[in-house]
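Q: predicted model, plus sequence, below.
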Amino acid sequence: MTTRVILVRHGESSYNVDRRVQGHCDLSRLTEKGEAMATQVATALRGISVDAVYSSPLQRQNVRLI
């Protein structure tokens with residue numbers, strides 16, 4: 001049995017643009033570019049079956065799958 005691990009980082013956030021450290025702060029939000037990046041990831045992963053997803057509870061990493 002083969003295990004495939006796919007790592008995805010959140011898209012560009014407002015703190016990335018400001019060159020600020022985000023850490024565990026939940027004040028940063030995805031920019032329009034970050035939303036577009038998240039959409040690209042969703043499109044790339046469409047149709048791939050997954051058994052588990054591990055995600056941060058921070059808002060900047062919440063992605064809506066299309």
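A: Ah, there it is.

Q: do a quick rundown of the helices in this structure.
A: For the chain, the helices defined by DSSP state H occupy 14-18, 32-45.

Q: who touches the lowest-mean-pLDDT helix or strand in the chain?
A: Counting by mean pLDDT, DSSP states H and E, the weakest-scoring helix or strand in the chain turns out to be helix 14-18, with a mean of 90. Helix 14-18 is touched from outside by 21-22, 25, 27-31, 34, 60, with contacts defined as Cβ atoms under 8 Å, 6 or more residues apart in numbering. C-beta here means a position set from N, CA and C on the backbone, and glycine is covered the same way.

Q: try 10 Å this time
A: 10, 20-23, 25, 27-31, 33-34, 60 (Cβ atoms under 10 Å, 6 or more residues apart in numbering).

Q: re earlier: now render the helices of the chain as JSON lines, adding distance to T2.
A: Shown next, in JSON lines, are the helices of the chain (distance: least, Cβ to Cβ, whole Å):
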{"stretch": "helix 14-18", "distance to T2": "34"}
{"stretch": "helix 32-45", "distance to T2": "17"}
